[in-house]
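Output the structure for:
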Amino acid sequence: MRNISFGLKKFRKATFILAVLSFLTVTVSKAQDVVEGRTLFKSKCASCHALDHDGTGPALTPKVNELEEAYLIPWIKNNQALIASGNKQAIEAAKFSPSEMTAFPTLTDDQIKNIIAYAKVGEPKKAAEAAVPVADEGVSGLSIAGVIAIIVLAIVVLVVLGRAVKMLERLILEKQGIDIVEEENVSLATGLKGLFKNKKFVFFTVLCLVVVLGSFGWMGMWNTGVHTGYQPTQPIKFSHELHAGINQIDCQYCHSGAFKSKNASIPSLNVCMNCHKNVQARTEDGLISPEIQKIYSALGYNPDTQTYDKTKEKPVEWVRVHNLPDLAYFNHSQHVVVGEDAIRKQAGLNPNDPVCFACHGPVNTMEEVYQYSPLTMKWCINCHKEADISSKKGDAFYANVIAAHEKIKKGEKITPALLGGLECGKCHY
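Numbers count the residues shown, from 1 in each chain. Take a look at the predicted model:
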């Protein structure tokens, strides 16, 4: 009987553990399905669909809750084939937008089910506590008072210790039988007058002032017109950290001129609308992000009717960050196309970093863009002296330069400076 009882206990224990593990496995698996569905939604669907409002396509959360998986799976895989088959539901759905929905034949049934699961659940809401704004009170008065009290206490301790040291010295001298000569008290005014009558002290003081003021003056003049760190406030708070960093949008998608013309170019708002016609970053209250709303206002776009009113169009007055003087000539395409390899090597960029980082810094970490490099003549010349363009030895232009050609044959280092990179006309009109 004891063995049977012991066996039943072991069986109950094993059954309980198995049930718990099964529950956890199912829970984790379901959570993983939603996570994968969110990833697929962001990469495949978010350009045309939102969860809670219409865009190019209808809002997905109410649709997937309304429709059955048996219809949604073939519709997502190949909607045109479903329409061609005469499916009435598909024909009716196609009337929502004149834009033809992209087919996704490579998605498996399980992947589509994961997308549907995510669309049904939606984006998780933030905790109520996180939504409560916390007032930024800055440094409290109590903290300031505490710091001041510590400083005052430290001064008092130092004074007391100083007096104690002097008293101990007097006691030691008296014990040794040494007569102590009392110092004559001299007023502060008398001491200062005597000090300024000392010609060596006056000369040394004047020399120090000249050196300090001259140094500050020289540094001030040297940095005149140098705007490293310049970060103006823009009319729209465009975050490069979000777009180029988190979302990893290629620099050329917006600045298409950088690789083919003198100027990198500022993108038109139509480029923004390629994504933001549907990506509206709505708040929990259902309101469109204020910064995205500025794009709509500038274009006269109504997100509810998805129409444009040209009478309401107005330009966005961006503030220029990188501004070279008119006398300087700089060609973006010449540097980022012809000199890309040399610039990458000189700047020590990682293979996946855009060549733009060499001059503009880690733009993918900048919430608001600022001038990263000094853009001074010295800065440009130093790069022309150090950048190694030996790999261009097969190029006709470089091959025709006799002096450079001789160095190439000897295997010596070739720099832009040796090929006229320091000539005034290279950068100045």
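
Quick check: chain neighbours aside, which residue is closest to G229?
Counting by Cβ to Cβ, 6 or more residues apart in numbering, Y370 is the residue found nearest to G229 once chain neighbours are left out, at 5.8 Å. Every C-beta, even on glycine, is put in place using the N, C-alpha and C of the backbone.

ugh, wrong one, I meant H53
For H53, ignoring the flanking residues on the chain, the nearest one in space by Cβ to Cβ, 6+ apart is A59 at 5.3 Å.

Model confidence at the residue nearest to G229, what's the number?
In the predicted model, Y370 carries a pLDDT score of 94.

quick one: it and H332, what's the gap?
Y370 sits 19 Å away from H332, going by Cβ to Cβ, to the nearest Å.

residues near C359, how many?
Other residues near C359 come to 20 when the count uses other Cβ atoms under 10 Å.

My guess is it contacts W379. True?
No - with contact defined as Cβ atoms under 8 Å, C359 does not reach W379; the gap is 9.2 Å.

which residues are common contacts for those two?
Each of S373 lies in contact with both C359 and W379 under the rule Cβ atoms under 8 Å, 6 or more residues apart in numbering.

Under a three-state scheme, what state does the residue nearest to G229 occupy?
The assignment at Y370 comes out as coil when based on DSSP: H, G, I helix; E, B strand; the rest coil.

Also T283?
coil.

my guess is it contacts E291, does it?
No - taking contacts as Cβ under 8 Å, T283 lies outside contact range of E291: 11.9 Å.

higher neighbour count, the two?
Between T283 and E291, counted using other Cβ under 10 Å, the more crowded position is E291 (15 against 11).

Next up, the contacts around that one.
Contact partners of E291, counting by Cβ under 8 Å, 6+ apart, are 236-238.

Which helix or which strand is home to K409?
helix 402-410 (DSSP states H and E).

Mind giving me the packing neighbours of that helix?
On a contact count with 3 or more Cβ pairs under 8 Å, 6 or more residues apart in numbering; DSSP states H and E, helix 402-410 meets helix 396-399.

so what's N400 scoring on pLDDT?
Model confidence at N400, given as pLDDT, is 59.

What spatial separation is found between E69 and F96?
20 Å.

Tally up the residues packed near H428, please.
H428, neighbours per other Cβ under 10 Å, totals 12.

repeat for K166
For K166, using other Cβ under 10 Å, the count is 10.

Mind telling me which residue is nearest the centre of this protein?
The residue lying closest to the centre of the chain (Cα atoms, centre = their mean) is T365, at 2.2 Å.

residue contacts, that residue?
241, 245.

do the same with the one 10 residues further on
Listed by Cβ under 8 Å, 6+ apart, the contact partners of L375 are 226-227, 322, 324, 359.

do that again at 6 Å, thanks
With contact set as Cβ atoms under 6 Å, 6 or more residues apart in numbering, L375 has no partners.

Quickly note the distance from it to S333.
L375 sits 18 Å away from S333, going by Cβ to Cβ.

what do you get for D388?
From D388 to S333 the distance is 21 Å (Cβ to Cβ).

now do G300
In terms of Cβ to Cβ, G300 sits 34 Å off from S333.

Buried residues in stretch 70-81, which are they?
Of the residues in stretch 70-81, 72-77, 79 count as buried by neighbour count, 16 or more other Cβ atoms under 10 Å.

Can you pick out the most distant pair from those residues?
Using Cβ to Cβ, the pair of the buried residues of stretch 70-81 lying farthest apart is I73 and N79, separated by 11.2 Å.

what about the closest residue to K237 other than its chain neighbours, which helix or strand?
Counting by Cβ to Cβ, 6+ apart, the nearest residue to K237 once its immediate chain neighbours are dropped is E291, at 5.2 Å. Using DSSP H and E, E291 sits in helix 290-299.

got the buried residues for that helix?
Using 16+ other Cβ under 10 Å as the test for burial, helix 290-299 gives 292-296, 298-299.

export those residues to JSON lines and tack on pLDDT?
Below are those laid out as JSON lines (pLDDT from 0 to 100):
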{"residue": "I292", "pLDDT": "95"}
{"residue": "Q293", "pLDDT": "94"}
{"residue": "K294", "pLDDT": "95"}
{"residue": "I295", "pLDDT": "95"}
{"residue": "Y296", "pLDDT": "95"}
{"residue": "A298", "pLDDT": "95"}
{"residue": "L299", "pLDDT": "95"}
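
Among these, which one sits closest to C427?
A298 (35.4 Å).

Quick check: closest non-adjacent residue to that closest one.
Nearest in space to A298, with sequence neighbours left out and distances taken as Cβ to Cβ, 6+ apart, is V316 at 5.1 Å.

Look up how far G348 lies from K413.
Distance from K413 to G348, by Cβ to Cβ: 17 Å.
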